[in-house]
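1. Quick check, what structure comes out for this input:
(2 chains)
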There are 2 protein chains.
Amino acid sequence: MLSFDITEYQERLRNVKQKMAAEGIDVLLITDPANMNYLSGYDGWSFYVHQMLIVILDEEQPFWIGRGMDARGAEYTTWLDSDHIIPYADDYVHSTVKHPMDFAAEILKEIGQARRTIGVEMDSFYFTAQSLESLRKGLPEATFKNANVLVNWVRIIKSPREIEYIRKAAVLAELAMQKAIDSIDVGVRECDVVANIYHAQISGTDQFGGDYPAIVPMLPSGEQTSTPHLTWTDSRYKDGDSVIIELAGCYKRYHCPMARTVVLNSPTQKEQDLSKVVLEGLNETLDSIKPGMTCEDVEAIWRKSIEKSGFKKESRIGYSTGLNYPPDWGERTASLRPGDKTVLKPNMVFHLIPAVWLDDCGIEISQTFRVTENGIETMTQFPRQLFIK
Amino acid sequence: MLSFDITEYQERLRNVKQKMAAEGIDVLLITDPANMNYLSGYDGWSFYVHQMLIVILDEEQPFWIGRGMDARGAEYTTWLDSDHIIPYADDYVHSTVKHPMDFAAEILKEIGQARRTIGVEMDSFYFTAQSLESLRKGLPEATFKNANVLVNWVRIIKSPREIEYIRKAAVLAELAMQKAIDSIDVGVRECDVVANIYHAQISGTDQFGGDYPAIVPMLPSGEQTSTPHLTWTDSRYKDGDSVIIELAGCYKRYHCPMARTVVLNSPTQKEQDLSKVVLEGLNETLDSIKPGMTCEDVEAIWRKSIEKSGFKKESRIGYSTGLNYPPDWGERTASLRPGDKTVLKPNMVFHLIPAVWLDDCGIEISQTFRVTENGIETMTQFPRQLFIK
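-> Numbering: from 1, shown residues only, chains lettered A, B, ... in the order given. Take a look at the predicted model:
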């Protein structure tokens, strides 16, 4: 069931260990499900209970620690030997008296890691405040060090196989977006549009199916297009409504996100003006991106382009994307915004989404791209435009 | 857009404040998205960045703090006045130098809460180790107290309106499960079955549509039925495969989960024996449940029933369910297991799922029920049986 050759997982592990060594970390405790998957292959919807991967500098394989009933899932989906898969008993689950990190601390003691420098993902969802308290209590002689997004930074440059998966995700995103645009119409219920989106995302093509994206389709409509993260209701679209659709295709947990805006019948003057500005800025930015530029350089091109229009955009215009689990398909590393000095390198993948929201409407038109040796490859070929139906 | 009358939100808030007062908590900082929704109505897929609700004992309304672009979403979906909706700037998002909890600490200082006892949800996903560190640093004179699942325990008894929503979720679960059983067949791809499940979950009935469940459909097949939390691939079902389907209907974020097992053509003797034992235990347990019993009493009935068969079940057989967001539709409070002394009361809702997994197969047949004045109401009327196709 592995999505990659074992050698690719081992190379990733070597890259992580190099970073650990550079930062003086002997033991890395990973709870981010995407990082667990990246290094071990582990895949399952079990991240609603505590689970982790422990990478030890001088151990060939990481240890997987998780709930008893998921240990077999770890055997099916990872390249780890069964003696590196360590289940905890079920009474650790949602208990008020014991915590899975107590168990992890015991294991670390048993395998001689109680006095080492342990890196933890301080701001990863799934690494709760209690997780750290329990580890500190169980391992009083260990030194804890913030290793937040350490693995994520290794993930930022994709392998050829990863790029291949994102290309497949792009096909799924195109299918789903086309289905959305075809389905949206006056009198149609929002939930029926979303049902069609889901069907396309998952059923995919005759050649391959889709995985669940890390974020559900978001599609605010009408005035609510002034805010991006509303999902859907079962109410019906009205004449003149605009609809923002943000979705992704997902293949073997790799994402290709995409956003488009649809207006039913006649866009207002403001919507037309705004979409013209957004499109122009988006296209100018895409035309200029080259490896060697920094993330803030990319944002500056966009900023300069829209400056003349009088519209403003306060939030970042994009982020690194790829492998992930709910709640986010972003990688939490590089952002296209002022101050981000990350240098673009070949096989980084970004979702460029310079959305602008005004008081009563918003326009989102986005493009996921890969940095190439001399420019970019757009992952989708879907028309970048305001759709009028 | 509110799903409940304002008075219902206010009653919930009063119940929470009572618990806060009893535990000596002046200020409660909530990051669990379900708890935020429960008290304010807030709904949006924005929990991939830090956001919170702050309940102050002597303040009538809670404060919502979140990302700038989501503030308008808070205005649309909550009952809070706009001066209780406080956005933070976008450069707090996935930053390595500043954290949204630094901002929250500043706000708490400004509104005179810097020296109070602040309850935090220590083991809630979305309350990271860094969240607590930042708060401690920003509010050195505050006292922090563990208020984990404090709001969840208020949520455990549902109002009539909440029960009504769970009944609608049950209709959605039945539609989706029927669609799954109808679709699964030899030669069919797993992803095509899941596409149909999603379509049914979301498109719903002519009267109402569905929301996204907090967990995606899980449906391990073949040998992988020995572990519960695998999702799906695009491979095709084979003759003799068994498939475990666990899914939920979701209406306005309220869930009704359900699990069934399907065997293609002929179940093995072991599968037949195991399903007979599981069904007998499930039905005996359901027949016996009454308010006043404890959670461990319920588990004991099941345990006694299967004891004679020689099969064993180590993990809990059920949990409280209702309102939730990814990654879990369980409420993280009462579990049906030894040691849980929670007393069953009318309008508690549980997912009873006494699944048994052996080395090479597993059987899941479940029932979500509501505790009534003198017994239970099963939320779904879907046949409890092993399905053979």
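
2. burial count for residue A:269?
-> 8 (other CB atoms under 10 Å in any protein chain shown). (C-beta placed from N, C-alpha, C; glycine too.)

3. again but with residue A:213, I slipped
-> 28.

4. And for residue A:301?
-> Taking other CB under 10 Å as the definition, residue A:301 ends up with a neighbour count of 18.

5. Validate this expectation: it resides in a helix.
-> Yes - assessed by DSSP: H, G, I helix; E, B strand; the rest coil, residue A:301 belongs to a helix.

6. any idea how far it is from residue A:354?
-> Remark: distance between residue A:301 and residue A:354 (CB to CB, to the nearest Å) = 10 Å.

7. Report the set of residues contacting both of these two.
-> Between them, residue A:301 and residue A:354 share these contacting residues under CB atoms under 8 Å, 6 or more residues apart in numbering or on different chains: residue A:285.

8. hey, what's the residue nearest to residue A:30 when sequence neighbours are not counted bridged with?
-> Spatially, and ignoring its direct neighbours in sequence, residue A:30 is nearest to residue A:53 (4.5 Å; CB to CB, 6 or more residues apart in numbering or on different chains). Under the criterion DSSP bridges, residue A:53 forms beta bridges with residue A:30, residue A:64.

9. Give me the pLDDT for residue A:307.
-> Residue A:307 is assigned a pLDDT of 92 by the prediction.

10. still on that earlier bit, ok now do the residue nearest to residue A:30, which residues does it touch?
-> Going by CB under 8 Å, 6+ apart, the list of residues near residue A:53 reads A:29, A:30, A:35, A:36, A:39, A:40, A:42, A:62, A:63, A:64, A:65.

11. Please report the number of neighbouring residues for the third one.
-> Looking back up the chat, that one is residue A:35. The local packing of residue A:35 (other CB under 10 Å) involves 29 other residues.

12. now do the second one
-> Residues lying near residue A:30 (other CB under 10 Å) number 28.

13. correct me, but residue A:74 touches residue A:66?
-> Yes - using CB atoms under 8 Å, residue A:74 is in contact with residue A:66, at 6.4 Å.

14. Just the helices from the stretch 101-250 of chain A, written as ranges.
-> Secondary structure of the stretch 101-250 of chain A (DSSP state H, counting those that start in this stretch): helices at A:129-138, A:150-155, A:160-183, A:190-203.

15. which other helices and strands contact the second one?
-> When you say that, I think you mean helix A:150-155. Judged by 3 or more CB pairs under 8 Å, 6 or more residues apart in numbering or on different chains; DSSP states H and E, helix A:150-155 is in contact with helix A:6-22, strand A:27-30, helix A:33-40, strand A:330-335.

16. Repeat the analysis, applying 10 Å as the threshold.
-> When contacts are defined as 3 or more CB pairs under 10 Å, 6 or more residues apart in numbering or on different chains; DSSP states H and E, helix A:150-155 sits against helix A:6-22, strand A:27-30, helix A:33-40, strand A:52-56, strand A:117-120, strand A:318-321, strand A:330-335.

17. Let me have these in TSV, extended by mean pLDDT and distance to residue A:160.
-> Formatted as TSV, these follow (pLDDT from 0 to 100; distance: least, CB to CB, whole Å):
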stretch	mean pLDDT	distance to residue A:160
helix A:6-22	98	10
strand A:27-30	98	24
helix A:33-40	98	16
strand A:52-56	98	24
strand A:117-120	98	29
strand A:318-321	98	17
strand A:330-335	97	18
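
18. can I get the ones you listed in JSON lines with distance to residue B:277?
-> JSON lines is the format used below for these (distance: least, CB to CB, whole Å):
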{"stretch": "helix A:6-22", "distance to residue B:277": "39"}
{"stretch": "strand A:27-30", "distance to residue B:277": "38"}
{"stretch": "helix A:33-40", "distance to residue B:277": "34"}
{"stretch": "strand A:52-56", "distance to residue B:277": "34"}
{"stretch": "strand A:117-120", "distance to residue B:277": "43"}
{"stretch": "strand A:318-321", "distance to residue B:277": "47"}
{"stretch": "strand A:330-335", "distance to residue B:277": "46"}
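
19. Domain map for chain A?
-> Annotated domains of chain A cover A:6-155, A:160-388 [automatic domain parsing].

20. So what's the residue count around the nearest residue to residue A:339 once chain neighbours are set aside?
-> Leaving aside its chain neighbours, residue A:339 sits nearest to residue A:296 (6.1 Å; criterion: CB to CB, 6+ apart). Close neighbours of residue A:296, defined as other CB under 10 Å, add up to 16.

21. now swap in residue A:317 and tell me
-> Neighbours around residue A:317, by other CB under 10 Å: 26.

22. List the contacts of it.
-> A:281-282, A:285, A:295, A:298-299, A:301-303, A:306, A:335-337, A:350-356, A:366 (CB atoms under 10 Å, 6 or more residues apart in numbering or on different chains).
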